[in-house]
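*Asks:* show me the folded form of this:
(2 chains)
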Amino acid sequence: GQSLEQPSEVTAVEGAIVQINCTYQTSGFYGLSWYQQHDGGAPTFLSYNALDGLEETGRFSSFLSRSDSYGYLLLQELQMKDSASYFCAVVLSGSARQLTFGSGTQLTVLP
Amino acid sequence: DGGITQSPKYLFRKEGQNVTLSCEQNLNHDAMYWYRQDPGQGLRLIYYSQIVNDFQKGDIAEGYSVSREKKESFPLTVTSAQKNPTAFYLCASSGNRGYQPQHFGDGTRLSIL
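*Replies:* Residues are numbered from 1 along each chain as shown, chains lettered A, B, ... in the order given. Below is the predicted model of the structure:
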């Protein structure tokens, strides 16, 4: 089976940097993906790591260590609009590339 | 604009009733997925389809059924066998080559009357 752990809540102030960690246990690991979901809305894709290291996309970066079964999402220069839930998701090997999602981290950005 | 359309946005089910949630995409994606999300939880996979006329059970398929007769459409039926259907249902699609991100619809919120 698969399991993912991420903190349930994180709070930070505008302009700060926040890191959301994700540890996973899985068979058939292909990569780690991150999605953002605003309250009641559709999840949107943020980033994907297949190899160890850091991937940077604007204010967001994502890191993966396959040997440690660990990854994180780094959000810089936080803005109020970044208040949302953030989900890490393991991408499974196999032709379907299924996703197994963590329970999500609720990020609150304070003024 | 390309995207995924789910309808209806809100749906109410009576005891013993089957209901069908619609999902249509015009992204020309081969793969489509249905997820269930309960409050404060992550998404759990119900069914997925990699190609027309083929679909596979996900982690929580019991009480649900799907069809994939057209590339653009992947409707989900919540049957009366699903005893706890109240949830937020999300449909997604993606390309089939390598890893391609999933694109999600805006969801259908299903409640019991």
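
*Asks:* can you pull the residues of chain A lying near chain B?
*Replies:* Within chain A, the residues that sit near chain B (CB under 8 Å from any CB of the partner chain) are A:4, A:30-31, A:33, A:40-45, A:48, A:50, A:87, A:91, A:95-104. Where C-beta positions appear, they are placed from N, C-alpha and C, glycine not excepted.

*Asks:* and the residues you listed, which are buried?
*Replies:* Neighbour counting by 16 or more other CB atoms under 10 Å in any protein chain shown classes A:4, A:30-31, A:33, A:42-43, A:45, A:48, A:50, A:87, A:91, A:96-104 among the residues of chain A next to chain B as buried.

*Asks:* setting aside sequence neighbours, what's the nearest residue to the residue located most distally from the centre of chain B?
*Replies:* No residue in chain B sits farther from the centre than B:Gly98, which is 22.2 Å out by CA atoms, centre = their mean. Closest residue to B:Gly98 apart from its sequence neighbours, by CB to CB, 6 or more residues apart in numbering or on different chains: A:Arg97 at 8.0 Å.

*Asks:* distance check, the one you found against A:Ala89.
*Replies:* 11 Å (CB to CB, to the nearest Å).

*Asks:* please apply the same query to A:Gln98.
*Replies:* 9 Å.

*Asks:* ditto for B:Ile112
*Replies:* 29 Å.

*Asks:* the helices in chain B, which residues?
*Replies:* Shown for chain B, no helices are assigned by DSSP state H.

*Asks:* so where's it uncertain?
*Replies:* B:1 (pLDDT under 70).

*Asks:* spatially central residue in it, please.
*Replies:* B:Trp34 (3.0 Å).

*Asks:* identify the residues contacting the nearest residue to that one once chain neighbours are set aside.
*Replies:* Among residues not flanking B:Trp34 along the chain, B:Ile46 sits closest, at 4.3 Å (CB to CB, 6+ apart). For B:Ile46, the contacting residues are B:Trp34, B:Tyr35, B:Arg36, B:Gly58, B:Asp59, B:Ile60, B:Ala61, B:Tyr64, B:Val66, B:Leu76, B:Tyr89, by CB atoms under 8 Å, 6 or more residues apart in numbering or on different chains.

*Asks:* quick one: contacts for the third one?
*Replies:* B:Arg36 is in contact with B:Leu43, B:Arg44, B:Ile46, B:Ile60, B:Ala87, B:Phe88, B:Tyr89, B:Leu90, counting by CB under 8 Å, 6+ apart.
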